[in-house]
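K.L.:
give me coordinates for this.
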Amino acid sequence: MRRVLQIFFGVLLVALFIFQAMREPKPPALPKWKMQDKLLERVNEQEGARKRKAADVALVKGLLKEDLSDRVFGFGLVAEAVSGKRVIPAGERESSGRVLAAIEQVMAGLLKEMSGPDSPIHELRRINEGSKYFEDGLLEVLDAMDGIVCEIPKTRDGAAQRAGYPDLKITDEKSGDVYYLDPKLMEQGSVDSSFRTFYFEPKNRTLKITDDATHLLIGIEHDGNEGKWKFLGYRVVDLSGLKVRLKAEFQASNREMYSERSVLESKFVDGKDVDR
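P.N.:
Below you'll find the model as predicted:
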């Protein structure tokens, strides 16, 4: 019996020795080790934050040196730079006569319809919201014409997107030429105004300029009679010669500005913030 026990404990001892030898070594779980790890982690975080801050400071200073708000760029150059697609002047295309004639035919009806007593635009609070109805009318009637395809431009990801420039994509079926069209409303007498009315925000995935194309804007003039607007006419503009400026600004939403970590004090008449 004693011999059996000796063999058993001998085998167990050998097994424990082999297990210990093969097990991956672990650092001693001592407070000193933990403190050193945390200290190293904190140093790395601080160094990373310092580098990011330095890079941001350099970027802001670089932007200021460029004086971007004072520089003028050709819209055609900007559009080509961000999209890789050519901006083709209307005068260089035989198809422009057909496309302009189609737009003229549609606008003749839309001006009367949107000026009439039953116009949906008369129910709007802001006239700028009315461009949507001209956009919808152009889209529907142009697409129904022979030889013309009109659609909502797709993004680089292939999704049809209403928001952002341009609003409409017109294709002349005979030539295959593509035209982008952007309807804008303007008050009578404001044609010489210096107020900014055209905006183009280039984005990568949601960019809607995906073809070599002629870029057109149609400025639709109204009489300014609020709630009973009459539409007087329009101008079709070739944007290939348009000069634009880059407005450099830093932005934040209400959600970001009024975050709980930033608000120092809140006072409300009824004692509570209904938005929270």
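K.L.:
what's near enough to touch the nearest residue to residue 174 once chain neighbours are set aside?
P.N.:
Among residues not flanking residue 174 along the chain, residue 147 sits closest, at 6.0 Å (CB to CB, 6 or more residues apart in numbering). The way it works is simple: take the backbone N, C-alpha and C, and place the C-beta from them, glycine included. Counting by CB atoms under 8 Å, 6 or more residues apart in numbering, residue 147 touches 98, 172-174.
K.L.:
tell me which of those residues is nearest to residue 48?
P.N.:
Nearest to residue 48 among the contacts of residue 147: residue 172, at 54.3 Å, using CB to CB.
K.L.:
is the closest one in contact with residue 95, as I believe?
P.N.:
Yes. Counting by CB atoms under 8 Å, residue 172 does reach residue 95; the two are 4.1 Å apart.
K.L.:
low-confidence ranges in the stretch 1-150 of the chain?
P.N.:
Residue ranges of the stretch 1-150 of the chain with pLDDT under 70: 1-35, 60, 62-66, 68.
K.L.:
hmm, back to that, what two of the contacts of residue 147 are the furthest from one another?
P.N.:
98 and 173 (9.6 Å).
K.L.:
those two: who's more crowded?
P.N.:
Using other CB atoms under 10 Å as the criterion, residue 98 and residue 173 rank with residue 98 on top: 18 against 13.
K.L.:
name the element that one belongs to?
P.N.:
Element membership for residue 98, per DSSP states H and E: helix 96-115.
K.L.:
so what does that helix touch, helix or strand wise?
P.N.:
Applying 3 or more CB pairs under 8 Å, 6 or more residues apart in numbering; DSSP states H and E, one finds that helix 96-115 contacts helix 131-144, strand 148-151, strand 168-172, strand 178-187, strand 214-222, strand 231-238.
K.L.:
redo those as a markdown table? Include distance to residue 84 and mean neighbour count.
P.N.:
Listed next are those as a markdown table, based on distance: least, CB to CB, whole Å; neighbours: other CB atoms under 10 Å:
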| stretch | distance to residue 84 | mean neighbour count |
| --- | --- | --- |
| helix 131-144 | 26 | 17 |
| strand 148-151 | 21 | 17 |
| strand 168-172 | 17 | 22 |
| strand 178-187 | 14 | 21 |
| strand 214-222 | 15 | 22 |
| strand 231-238 | 21 | 16 |
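K.L.:
in CSV, list these along with distance to residue 67.
P.N.:
Output for these, formatted as CSV (distance: least, CB to CB, whole Å):
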stretch, distance to residue 67
helix 131-144, 33
strand 148-151, 40
strand 168-172, 35
strand 178-187, 28
strand 214-222, 27
strand 231-238, 28
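K.L.:
nearest spatial neighbour of the residue nearest in space to the middle of the chain, skipping sequence neighbours?
P.N.:
Central residue of the chain (CA atoms, centre = their mean): residue 203, 5.3 Å from the mean position. Once flanking residues are discounted, residue 203 sits nearest to residue 164: 7.6 Å by CB to CB, 6+ apart.
K.L.:
burial of the one you found, as a residue count?
P.N.:
Per other CB under 10 Å, the neighbour tally for residue 164 reads 16.
K.L.:
do you know how far it is from residue 180?
P.N.:
12 Å (CB to CB, to the nearest Å).
K.L.:
likewise residue 120?
P.N.:
As judged by CB to CB, residue 120 and residue 180 stand 25 Å apart.
K.L.:
over to residue 37?
P.N.:
Going from residue 37 to residue 180 by CB to CB gives 58 Å.
K.L.:
same thing with residue 86?
P.N.:
On the measure of CB to CB, residue 86 and residue 180 end up 12 Å apart.
K.L.:
common neighbours of the two, please.
P.N.:
residue 213.
K.L.:
please name the residues that touch residue 233.
P.N.:
111, 220-221.
K.L.:
and of those residues, the nearest to residue 151?
P.N.:
residue 220 (20.5 Å).
K.L.:
out of everything not next to it in sequence, what's closest to the closest one?
P.N.:
Among residues not flanking residue 220 along the chain, residue 234 sits closest, at 4.6 Å (CB to CB, 6+ apart).
K.L.:
which residues are common contacts for residue 98 and residue 173?
P.N.:
147-148.
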